[in-house]
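Chemist: prediction below, plus the sequence it came from.
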Amino acid sequence: MKAGTLNKLVERLTFHKHPDSDYLNAFLMTYRSFCTPKQLLDLLILRFDTPLPINCLQEDLQRFKEQRLTPIRLRVANVLKNWIDKFFQDFMEDRSLVASFLQFIKLKTDVDSVIEKTLDQVGLFSFSFNFFSLFLFFTR
């Protein structure tokens, strides 16, 4: 991939059919040259909240959830985990980014246990609380 809109780059980063760890690493190393960490987080949250199709049969809705929505959410959670693991400094430099990230985690886990399970599958749910503790320790 050589170019694309930011929305399409994030869509590709969280593609539902298969993960691409090479693209993920390259993206996380270079995204600061074309967007801010806050813009990236906002787009990842929007991608996680991919809307359900309307006016479709129940079986089509279930298939959409299983084949698209759940994989997209897992990819977003994986991007967030890798971002925090490998580029922690983005969060150390911006308290509002941390606040937005933790608000996202709290909102999603309060709303739906299925989403909490999705986040927990990649270790992001419990990881976020450890991350927050570390952040508070280093920013006192």
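Modeler: Perfect, thanks for sending it.

Chemist: how long is stretch 51-68 from one end to the other?
Modeler: 11 Å (C-alpha to C-alpha, to the nearest Å).

Chemist: do the same with stretch 89-101
Modeler: 14 Å.

Chemist: what about it, average pLDDT?
Modeler: Across stretch 89-101, pLDDT averages out at 86.

Chemist: stretch 44-55 too?
Modeler: 92.

Chemist: tell me the centre residue of this protein?
Modeler: residue 76 (3.2 Å; C-alpha atoms, centre = their mean).

Chemist: mean pLDDT per helix and strand in the protein: which one sits at the bottom?
Modeler: For the chain, counting by mean pLDDT, DSSP states H and E, helix 124-138 ranks last in confidence among helices and strands (a mean of 50).

Chemist: picking that back up, against which helices or strands is whichever helix or strand the residue nearest to the centre of the chain is part of packed?
Modeler: Here residue 76 sits within helix 70-86, counting by DSSP states H and E. Judged by 3 or more C-beta pairs under 8 Å, 6 or more residues apart in numbering; DSSP states H and E, helix 70-86 is in contact with helix 21-30, helix 37-48, helix 113-121, helix 124-138. Using the backbone N, CA and C atoms, a C-beta is placed for each residue, glycine as well.

Chemist: list the buried ones in that helix?
Modeler: Going by neighbour count (16 or more other C-beta atoms under 10 Å), the buried part of helix 70-86 is 70-84.

Chemist: report the angle between it and helix 21-30.
Modeler: Counting by axes from the mean of the first three to the mean of the last three C-alpha atoms, to 10 degrees, helix 70-86 lies at 50 degrees to helix 21-30.

Chemist: just the buried residues of the following helix or strand past helix 70-86, please?
Modeler: Next in sequence after helix 70-86, counting helices and strands by DSSP H and E, comes helix 89-92. Residues of helix 89-92 classed as buried: 90, 91 (neighbour count, 16+ other C-beta under 10 Å).
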